[in-house]
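Engineer: Dropping the sequence and predicted coords here.
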Amino acid sequence: MRLFLAAMAAASAAIVSACSTSAEAPRVEARATVTVTAPAQARAVCSAPVAIPDRAISEAEATTLWGRDRGALRICEQRRAAAIAAIDAAGESPAVDGGF
C-alpha cells in the first residue's frame, strides 16, 4: 500500500509539472487616475442662521437663540472644513493601484 501511495504521489508531481509551459504567468497591473475637486461654493464659510420667531422675544430667548445659532455655525464649519480637507487629501495622489 505504501509503495502504491508513493507511486501515486510521484505520478501526480510529474503530471502537474508537465502541465506548465512557462515558468511564470505575466503580471497584469491595472491603474486608474482619479481627480477630485470640491466646488467653489463648498469652500465658502457656513452662514445659515437659525430661524427667529416672528414675534417679540425676551432677552433670555434672544440669548438662547443666539447660542443655538453660534453652535450651529460652529458645527457646520467643522464639518465643512473636514469634508474639504478630505477632498483635498484625496486629490493629492491621483494614481490608484488596482491591486492585481
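Structural biologist: Good, I have the coordinates.

Engineer: Leaving out chain neighbours, which residue sits closest to residue 48?
Structural biologist: Spatial nearest neighbour of residue 48, excluding adjacent residues (Cβ to Cβ, 6 or more residues apart in numbering): residue 76 at 6.9 Å. C-beta: built from backbone N, CA, C; applies to glycine.

Engineer: I'd like to know how far that neighbour sits from residue 30.
Structural biologist: Relative to residue 30, residue 76 is positioned 39 Å away (Cβ to Cβ, to the nearest Å).

Engineer: the more surrounded of the two?
Structural biologist: Neighbour tally, residue 76 and residue 30, criterion other Cβ atoms under 10 Å: the higher count belongs to residue 76, 14 against 9.

Engineer: Check the spacing between residue 55 and residue 68 real quick.
Structural biologist: Distance of residue 55 to residue 68, computed by Cβ to Cβ: 17 Å.

Engineer: quick one, which of those two is more surrounded?
Structural biologist: residue 68 (13 against 6).

Engineer: so what's the more buried one up against?
Structural biologist: Residues near residue 68 by Cβ atoms under 8 Å, 6 or more residues apart in numbering: residue 50.

Engineer: re earlier: surely the residue nearest to residue 48 meets residue 50?
Structural biologist: No: under the criterion of Cβ atoms under 8 Å, residue 76 lies out of contact with residue 50, with a separation of 10.9 Å.

Engineer: what about the residue nearest in space to the middle of the chain, which SS state?
Structural biologist: By Cα atoms, centre = their mean, the chain has its centre lying nearest to residue 90, at 8.2 Å. Taken by DSSP: H, G, I helix; E, B strand; the rest coil, the conformation at residue 90 corresponds to helix.
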